[in-house]
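**Q** Predicted model follows, preceded by the sequence.
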Amino acid sequence: MNYLSHYYVHQKEKDPLYSLGLIFPDISRGFVKVPGKLPQSSYGQFLPLAEGCLQHYLADKQFHASDFFSWGSHACTLVLKKANFEGEVNRRWFMGHVLFEMLLDRMIMNHQPMVSEHFYTDIRTINLSGVKDFAILHAHQDIEKFLHFFDHFRSAAYIKNYPDNNLFAFSLSRIMKKAGLPELSLSNKIVLQECVWELENNAFKNAQSILFQLKEVFK
């Protein structure tokens with residue numbers, strides 16, 4: 001799942017450290033190795049953050065093994081495979097996987113925008129020195145670079161831009177680049193927007209029902 005979906009499903013009121021843990025394994029990838037998997041006695045005041053990390057791993061495992069994920073990623077992949085992209089756009093199955101997860105966050109932004117307000121409020125209350133202290137409990141590298149990245153992530157709040165079609169396509173293109181694939185050209189970003197339009201007007205038309213199904217995966 002993407003950042004906002006993790007929070008939407010498993011948030012706890014008045015527990016910002018746990019909220020950060022729900023996204024920490026993803027946001028710290030490449031900087032911190034398997035955060036949250038040390039013995040509980042290692043964490044002290046950061047135990048809620050570690051528990052959030054463990055919930056993240058469990059949620060990803062449940063989500064990716066679910067019929068719901070198979071249905072949604074397959075729907076996205078079918079549309080992407082039919083799309084008339086210019087040139088070679090490879091690994092469309094991977095794009096379909098990522099697109100489905102991003103579209104879930106976009107649905108939350110469009111239909112339950114207060115979730116993102118609570119999400120960013122939570123992670124903005126956390127002191128960077130605490131994040132650093134938690135990170136260095138694990139195998140790590142480039143901690144200062146990670147802290148800069150995390151601070152930018154929570155201040156820029158780019159998930160709030162997901163309802164914008166242009167910025168949504170740009171975000172997916174950036175993820176492709178991080179995965180070692182070429183970024184989408186301007187013309188192909190327009191094709192991607194057309195794919196999103198088709199999905200949101202057909203397979204994903206009933207967004208509230210889909211968000212309900214997302215939560216049902218974890219019951």
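**A** Perfect, I can see it now.
**Q** From the chain's centroid, how far away is the helix or strand bottoming out on mean pLDDT in the chain?
**A** Taking mean pLDDT, DSSP states H and E as the measure, the chain has helix 165-178 as its least confident helix or strand, at a mean of 89. When C-alpha coordinates are averaged (Cα atoms, centre = their mean, to the nearest Å), helix 165-178 and its chain have centres 13 Å apart.
**Q** buried ones in that helix?
**A** The neighbour-count check on helix 165-178 (16 or more other Cβ atoms under 10 Å) flags 165, 168-173, 175-176 as buried. C-beta coordinates here come from the backbone N, C-alpha and C atoms, glycine included.
**Q** And for stretch 136-152?
**A** 137-138, 140, 146-147, 150.
**Q** now, the most widely separated pair of the residues you listed?
**A** Among the buried residues of stretch 136-152, the pair separated by the greatest distance (Cβ to Cβ) is L137 and F150, at 15.9 Å.
**Q** now the residue located most distally from the centre of the chain, what's its secondary structure?
**A** Most distant from the centre of the chain: S41, at 28.8 Å, with distances by Cα atoms, centre = their mean. Three-state assignment for S41 (DSSP: H, G, I helix; E, B strand; the rest coil): helix.
**Q** My guess is Q193 contacts A169. True?
**A** Yes: between Q193 and A169 there is a contact under Cβ atoms under 8 Å: 5.4 Å.
**Q** wait, which of the buried residues of helix 165-178 is closest to L47?
**A** For the buried residues of helix 165-178, the nearest to L47 is I175 (31.2 Å; Cβ to Cβ).
**Q** Give me the spatial nearest neighbour of the closest one, chain neighbours excluded.
**A** V98 (5.6 Å; Cβ to Cβ, 6 or more residues apart in numbering).
**Q** and V34, that one's in a strand?
**A** No: read with three-state DSSP, V34 is coil and lies in no strand.
**Q** Burial check on it, number of neighbours?
**A** Using other Cβ atoms under 10 Å, V34 is surrounded by 12 other residues.
**Q** for the top helix by length along the chain, packing partners?
**A** For the chain, the longest helix by residue count, based on DSSP state H, is helix 92-111. Counting contacts by 3 or more Cβ pairs under 8 Å, 6 or more residues apart in numbering; DSSP states H and E, helix 92-111 is packed against helix 3-10, helix 67-82, helix 114-124, helix 165-178, helix 186-200, helix 207-216.
**Q** just so I know, which of the ones you listed lies nearest L58?
**A** helix 3-10 (9.1 Å).
**Q** Can you spell out which helices and strands pack onto the closest one?
**A** helix 16-27, helix 47-64, helix 92-111, helix 114-124, helix 207-216.
**Q** for those helices, which one ends up most surrounded?
**A** Counting by mean count of other Cβ atoms under 10 Å, helix 16-27 has the highest mean neighbour count of the helices and strands packed on helix 3-10, with a mean of 23.
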